[in-house]
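>>> Sequence and computational prediction follow.
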Amino acid sequence: MRDLVVITADADMEAVMKAVLQRPLALGIRPVDHEVRRHDGRDSGLFQHGPDATRSLKGDFQRLLMLWDFHGSGQERKATAESSAAALCSRLDAISWKGISSGVSIDPELEEWLWHNPAAIEKWLPAGDRGKLGVWVEDFSGSRGETVESAKRRSPKELLEFVCVRSLKRRPRPQDYARIAEVASLADWQCSPTFKAVTGQLRAWFPPQSLV
């Protein structure tokens, strides 16, 4: 039986989790035999149908983690990210994953993690654009009448797309997320409450070998 299966709501999240789980030392966990899978229904589909879809995995994995964006989940006007995650976890418990599963609703979206370490985003940009990131972030936040920090917190996805279009003339792709996650400071990402929740759960399940 393998250690862990991670179910994500989209390909970008899948790419990030594949990258960070290859960095157990940075996560503060032991190496984990894992698989990362993408749910076909995106955020709302994962929230609605994800727990039922895990029934067939019970005999293959010791632990299960589900991740989705709060924005886009259909719960934004009904609950908080924390209460919607708790509701999903209760459904996992009812499918006999009690004590061996967890779910985190990323508030507002995955990109919030990335902006806690802008240096990694700058490294992802072509060399000729690396000095422009700060200006582009200020352009975006100014156009919305927000501070830079507010834009990173409230509109992280739109901000990353803005930077990508300015630099690469296209929207971000899963491989872009993977490249950022491969070099990001996961210590800086700990400033994100939802990334901290993910790593906290992983550390509880898979502590460093010296602590086992």
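Right, received. Where do you want to start?

>>> what's the neighbour count on the closest residue to residue 179 other than its chain neighbours?
Closest residue to residue 179 apart from its sequence neighbours, by C-beta to C-beta, 6 or more residues apart in numbering: residue 124 at 5.1 Å. (Each C-beta comes from the backbone N, C-alpha and C, glycine too.) Other residues within reach of residue 124, judged by other C-beta atoms under 10 Å, total 26.

>>> Report the contact partners of residue 124.
176, 179-180, 183 (C-beta atoms under 8 Å, 6 or more residues apart in numbering).

>>> mean confidence score for the longest strand belonging to the chain?
Determined from DSSP state E, the single longest strand within the chain is strand 61-69. Confidence for strand 61-69, expressed as mean pLDDT, is 98.

>>> Tell me the gap between whichever helix or strand comes after it and the middle of its chain.
Per DSSP states H and E, strand 61-69 leads on to helix 81-92 as the next helix or strand towards the C-terminus. Taking C-alpha atoms, centre = their mean, to the nearest Å, one finds the center of helix 81-92 at 16 Å from the center of the full chain.

>>> what helices or strands is helix 81-92 leaning on?
Here helix 81-92 touches helix 42-53, strand 61-69, strand 101-106, going by 3 or more C-beta pairs under 8 Å, 6 or more residues apart in numbering; DSSP states H and E.

>>> one more time with 7 Å, if that's ok
helix 42-53, strand 101-106 (3 or more C-beta pairs under 7 Å, 6 or more residues apart in numbering; DSSP states H and E).
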